[in-house]
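*Asks:* after the sequence you'll find the predicted model.
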Amino acid sequence: MTLEMRPTPNVAREDATLRLGFTASKKIGNAVARNRAKRRLRAAAYAALPLSGRPGHDYVLVARAGILTRDFLALKGDIAEAARAAHRKLDAARPIDDESV
């Protein structure tokens, strides 16, 4: 599973909400397998991201080959860890405001 994240554009931003998207390519398998992969991602994300996600951000989860056999608790942990890593990377890329120092 891959997680992509970015701040929500101002025109689409709503208070205290985060937006989610899910995708699975044909590399996952037929339509049944892709739909199952997206359902698993959706369920895991709804369990993990309210705790580790940030309001005002967009998240896209991309299914990878092992998604159908991955343990569900491990999948939730993977999503939470991916969100934390994305937040660290985003925070490191933001310029430091001189007034806050």
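*Replies:* It's in.
*Asks:* those helices in the chain, which residues are they?
*Replies:* 31-52, 72-93 (DSSP state H).
*Asks:* return the most buried member of the ones you listed.
*Replies:* Each of these was scored by mean neighbour count; the highest is helix 31-52, a mean of 16, by mean count of other Cβ atoms under 10 Å. Quick note: C-beta positions are derived from backbone N, CA and C, even for glycine.
*Asks:* contacts for it?
*Replies:* By Cβ atoms under 8 Å, 6 or more residues apart in numbering, the residues outside helix 31-52 that reach it are 1, 18, 20, 22-26, 28-29, 59, 61, 63, 67-68, 70, 72, 75-80, 83-84.
*Asks:* the same query, at a cut-off of 6 Å, please.
*Replies:* Helix 31-52 has contacts (Cβ atoms under 6 Å, 6 or more residues apart in numbering) with 20, 22, 24, 28, 61, 63, 67-68, 75-76, 79-80, 83-84.
*Asks:* possible to save the residues you listed as CSV with pLDDT and distance to Arg36?
*Replies:* Below are the contacts of helix 31-52 laid out as CSV (pLDDT from 0 to 100; distance: Cβ to Cβ, whole Å):
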residue, pLDDT, distance to Arg36
Leu20, 92, 18
Phe22, 95, 12
Ala24, 95, 9
Ile28, 94, 9
Leu61, 95, 14
Ala63, 95, 9
Ile67, 93, 9
Leu68, 94, 6
Leu75, 95, 13
Lys76, 94, 17
Ile79, 94, 17
Ala80, 93, 21
Ala83, 92, 22
Arg84, 91, 26
